[in-house]
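Peer 1: I'd like to go over a predicted model; first the sequence, then the structure.
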Amino acid sequence: MKPCRRFSGAVGALLVLAGHAVVAQPTATLVSGPLLSIDAAIRLALDHNQDIKVEAFAPQIARANVLSAYGQFDPALNFGRSYSRTFGYPAVPGPLAPTLVETDSYDLNLKGLLPTGLSYTIGGNATNERGFYNGFTPDYLTFGGVNLTQPLLRGFGFGANLVNLRVARANRSISEWQYRQTLINTVTSVIVTYHQLVLAHDDLRIALRSRELAATLVTEDLQLLKAGKGTEIDLVTARAEVAKFESGIIEAENQVRTTDNQLRQLLGEKSFPGDQPLLNVASAPVPPVTVDPARDFQAALDHRPDYQQARLGITVNQANAAAARNGLLPQVNLVASYGYNGLAGTFAASREMLAQHDAPSSSIGLNFSIPITNSLARGQARAARLTLAQSEAALRDLEGQIALAVANAASQIQIAHRRVLADQAAYELSNQALGGEEKGLKLGYVSTQFVIQAQESLEGVEASLADDRYAERQAVAAYDQQLGMTLLRNHITLAEDK
């Protein structure tokens, strides 16, 4: 068969022939391309699925926000220069002329903040003030040293000053788990839709086979009628049975095309022309699953992205609660400075006095600020405390939901497997029964109606077997999803796992 014209080039590269036991056969009106294995479909989705591409930006954005949070501790180099003219009037009786004072100011320093809350300024400044009082002679007053402000209560410590960084780091991890959740959901959808397409092909094949059996029965009834062993009513009944399959075949063909498009969308396709060849899919063996309730529950807690996101949400709320508690404290700051002064007629001479440490200066003191009601901080602290308690309660509730979901998913695997075994046995017996009825028809002691009933019974059992096989694969995919083990099951490793 010629390859798909509209399918992406990556598809052709990954279409591989895998030795699966059952291959869904397309009809003459639905032409199929090369075989696409389930593993190849998953790899295509990882490379081209649009949801994955969109979600891949989230971890990068979160990492950029972490870098931004570190930025609050970046020192900044500052330079300032200003000029002012001030007119003054002598405070003596008489019509004296106003005085003029000109001032040039220069400032160069390095400012920053430490995680303890200590803010620092390292650098110096120079002021050149001149006026009528000194004949406009340059007079440089300089200072070089360090100024420190350390909060002692509110704003002190890592809890108050690292909250933004801690939240950003937690959000980065949350975004990575969200990306993992998108991968798990997408891979699960690919697995389920892939086997839905297998089921759609099986349903179409069953309908075609049933019509073929009915057509064969028409031929046999016609031969019996010519031989004088059959009846006209048997021939009409057989022909009516053939006619009733036509609408079912049309619906089955439509279901194949619809499901094919759904799988193509998951694989990254953006256009779905009606004349493109169908994906050729195969029913892969059901992977072995061993159910262990205690182990599986712990695995779900370790690997489920939603649980890990909830735990990290508590980390965020703990950081916010610690910062909010710190905000309840009064503002008490220790301020200190130490440096050297210089005063000379030139800037160079004044700066030389600094270098010689001729005029040291220092200061130390406390600043207090106590809110009267502190309603803002009290409200924020209460809200943060309740939000933390809510997230912890939600985590406990999620654990219960996970335990139930894992138990139900495990039960569905067992039920689906038992149904497959039962329908396989029923299918074999129905085949034997149909063979007996057909033999009886040829020998003349069974009517056409009995053969039709046997054919319908076989069709129902075969359709039920196809449904149960699909349900078993769906149950395994759902089980892996509930445990958060979908990526591990399909040998998908992320960069952070290496």
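Peer 2: Perfect, I can see it now. The shown structure was predicted, so the numbers you read here are calculated from the model rather than taken from an experiment.
Peer 1: Could you use CA atoms for every contact and neighbour count after this?
Peer 2: Will do.
Peer 1: and residue 336, that one's in a helix?
Peer 2: No. Residue 336 is assigned strand when assessed by DSSP: H, G, I helix; E, B strand; the rest coil, not a helix.
Peer 1: any idea how far residue 199 is from residue 245?
Peer 2: As judged by Cα to Cα, to the nearest Å, residue 245 and residue 199 stand 18 Å apart.
Peer 1: Please identify which of those two sits among more neighbours.
Peer 2: Under the neighbour definition other Cα atoms under 10 Å, residue 245 and residue 199 were set side by side, and residue 199 has more, 26 against 16.
Peer 1: buried residues in stretch 322-337?
Peer 2: 322-333, 335-337 (16 or more other Cα atoms under 10 Å).
Peer 1: what does it rub up against?
Peer 2: Under the criterion Cα atoms under 8 Å, 6 or more residues apart in numbering, residues 145-156, 159-161, 163, 362-371, 374, 377-378, 380-381, 384 lie in contact with stretch 322-337.
Peer 1: do stretch 209-216 as well
Peer 2: Outside of stretch 209-216, the residues within contact range by Cα under 8 Å, 6+ apart are 238, 239, 241, 242, 245, 452, 455, 456, 459.
Peer 1: The third one: neighbouring residues, count only.
Peer 2: The local packing of residue 241 (other Cα under 10 Å) involves 20 other residues.
Peer 1: any idea what sits nearest it, other than its immediate chain neighbours?
Peer 2: residue 214 (6.2 Å; Cα to Cα, 6 or more residues apart in numbering).
Peer 1: so where does the one you found fall, helix or strand?
Peer 2: Element membership of residue 214 [criterion: DSSP states H and E] is helix 163-226.
Peer 1: got the contact list for the following helix or strand past that helix?
Peer 2: Moving toward the C-terminus from helix 163-226, the next helix or strand (DSSP H and E) is helix 232-243. When contacts are defined by Cα under 8 Å, 6+ apart, helix 232-243 is touched by residues 211-212, 214-215, 217-218, 221-222, 225, 447-449, 452.
Peer 1: packing partners for the top helix by length along the chain?
Peer 2: Scanning the chain for the helix with the most residues, using DSSP state H, yields helix 375-443. Packing contacts for helix 375-443, counted by 3 or more Cα pairs under 8 Å, 6 or more residues apart in numbering; DSSP states H and E, involve helix 293-303, helix 305-326, helix 448-483.
Peer 1: which regions of this structure lie under the pLDDT threshold?
Peer 2: 1-33, 89-98, 446, 496-498 (pLDDT under 70).
Peer 1: Domain boundaries for it, per the record?
Peer 2: Here the domain assignment for the chain is 51-64+166-246+282-314+390-497, 76-113+118-154+331-369, based on automatic domain parsing.
Peer 1: Throw those into JSON lines and include distance to residue 37, thanks.
Peer 2: JSON lines is the format used below for the domains of the chain (distance: least, Cα to Cα, whole Å):
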{"stretch": "domain 51-64+166-246+282-314+390-497", "distance to residue 37": "7"}
{"stretch": "domain 76-113+118-154+331-369", "distance to residue 37": "58"}
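Peer 1: from the contacts of helix 232-243, which two are the most distant?
Peer 2: 211 and 225 (20.8 Å; Cα to Cα).
Peer 1: Counting neighbours, go ahead and name the busier of those two.
Peer 2: Taking other Cα under 10 Å, residue 211 and residue 225 do not tie; residue 211 has more neighbours (21 against 15).
Peer 1: quick one, what contacts the closest residue to residue 108 other than its chain neighbours?
Peer 2: Nearest non-adjacent residue to residue 108, counting by Cα to Cα, 6+ apart: residue 79, 4.5 Å away. Contacts here follow Cα under 8 Å, 6+ apart; on that basis residue 79 touches 106, 107, 108, 109.
Peer 1: Format the residues you listed as a markdown table; extra columns: neighbour count, secondary structure and distance to residue 140.
Peer 2: Listed next are the contacts of residue 79 as a markdown table, based on neighbours: other Cα atoms under 10 Å; DSSP: H, G, I helix; E, B strand; the rest coil; distance: Cα to Cα, whole Å:
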| residue | neighbour count | secondary structure | distance to residue 140 |
| --- | --- | --- | --- |
| 106 | 15 | strand | 10 |
| 107 | 17 | strand | 13 |
| 108 | 17 | strand | 15 |
| 109 | 18 | strand | 18 |
